[in-house]
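Q: Could you look at this predicted model? Sequence included:
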Amino acid sequence: EVQLVESGGGLVQDGGSLRLSCAAAGLTFDDVTISWFRQVPGKEREGVSCISIGDGITYYADFAEGRFAISSDNAKNTVYLQMNDLKPEDTGVYYCAVPHFGLGCWAEYDYWGRGTQVTVSS
């Protein structure tokens with residue numbers, strides 16, 4: 001059974017930082033791509049970043065480029081999302097997921113976690 005568990009969310013002020021973690025189990029970690037997406041109040045779900053674990057290739061949404069950094073610790077089967085210079089519009093629930101193969105990072109997901117809340121105060 002595939003399990004993805006997010007952690008690290010919280011309340012920060014405008015300009016602050018958080019590091020989210022996604023612990024994965026039940027899959028061959030070296031072979032997968034892990035995505036982060038978020039659900040922001042009043043907006044549709046949107047992709048944030050993703051990483052191909054095997055070759056380390058990363059992708060970022062435009063709003064995340066330069067502020068967020070995705071990485072993985074293969075020994076711990078964990079993916080991290082370092083978020084810097086957070087803004088109030090980054091407030092939302094952040095999920096890690098396994099995207100459906102062949103459709104890119106953020107089109108469809110086969111598995112996802114329960115999410116972690118990120119709140120950025122102004």
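A: Nice, I can see it.

Q: Can you mark which positions in stretch 16-26 are buried?
A: Taking 16 or more other Cβ atoms under 10 Å as the basis for neighbour counts, the residues of stretch 16-26 that come out buried are Leu18, Leu20, Ser21, Cys22, Ala23, Ala24. (Glycine included, C-beta is placed from N, CA and C.)

Q: model confidence over that stretch, on average?
A: Taken as a whole, stretch 16-26 has an average pLDDT of 97.

Q: quick one, what contacts the closest residue to Gln82 other than its chain neighbours?
A: Taking Cβ to Cβ, 6 or more residues apart in numbering, and ignoring the residues beside it in sequence, Gln82 has Ala69 as its nearest neighbour in space, at 4.4 Å. For Ala69, the contacting residues are Leu81, Gln82, Asn84, taking Cβ atoms under 8 Å, 6 or more residues apart in numbering as the criterion.

Q: Distance of the residue nearest the centre of the chain relative to Val118?
A: The centroid of the chain falls nearest to Trp36 when counting by Cα atoms, centre = their mean (2.5 Å). As defined by Cβ to Cβ, to the nearest Å, Trp36 lies at a distance of 11 Å from Val118.

Q: Equivalent analysis for Phe101, please.
A: From Phe101 over to Val118 the distance is 28 Å, taken as Cβ to Cβ.

Q: Show me which of those two is the more surrounded one.
A: Val118 (22 against 10; other Cβ atoms under 10 Å).

Q: Specify the beta-bridge partners of the more buried one.
A: Beta-bridge pairing of Val118 under DSSP bridges involves Gly10, Gly92.

Q: residue contacts, it?
A: Residues in contact with Val118, defined by Cβ under 8 Å, 6+ apart, are 9-10, 12, 18, 20, 38, 83, 86, 90-94.
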